[in-house]
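Enquirer: Build the 3D model from these lines:
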Amino acid sequence: QVQLVESGGGLVQAGGSLRLSCAASGLAFSRRSMGWFRQTPAKGHEFEFVVGISASGASTMSADSVRGRFTISRDNAKNTIYLQMNALKPEDTATYYCGAASATYVQMTSVAYEYWGQGTQVTVSS
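Expert: Sure, this is the predicted structure:
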């Protein structure tokens, strides 16, 4: 049974930082690219790509809105990915989901992801 479990969300003031984690089990973690997406009611619950990382960790991609502020990393020995979020803005408020893609290279579209976590809420106050 595949499980992706996110943690680390919470309430933070604008300009602050948070670190999200996503622990995976039941899949060949080191052979899958991983990513973080977010969803907000204001955007009609659209899955918005945030950042992605290749299976090896050698390649990453970020959305323009978070580039330079958010960093994705992974520890294949721990089957875990991380999202370090700095300089947070109120518009970063969302439910954040980690996903596991079937490909080894970075994927930016949600349809490429096979498994999803349950989500963790991030709220940034102004």
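Enquirer: how about the most centrally placed residue in the chain, what does it touch?
Expert: By CA atoms, centre = their mean, the mean C-alpha position of the chain lies nearest to Trp36, the distance being 2.0 Å. Residues near Trp36 by CB atoms under 8 Å, 6 or more residues apart in numbering: 20, 22, 50-52, 70, 72, 81, 83, 96-99. The way it works is simple: take the backbone N, C-alpha and C, and place the C-beta from them, glycine included.
Enquirer: quick one: the closest residue to it other than its chain neighbours from Thr71, how far?
Expert: Nearest non-adjacent residue to Trp36, counting by CB to CB, 6 or more residues apart in numbering: Val50, 4.4 Å away. The spacing between Val50 and Thr71, counted by CB to CB, to the nearest Å, is 11 Å.
Enquirer: Find residues that contact each of the two.
Expert: Leu83.
Enquirer: Residues contacting the host helix or strand of the residue nearest to Trp36, please?
Expert: Here Val50 sits within strand 48-53, counting by DSSP states H and E. With contact meaning CB under 8 Å, 6+ apart, strand 48-53 is reached by 33-40, 59-63, 66, 70-74, 81, 83, 94, 96, 101, 106-110.
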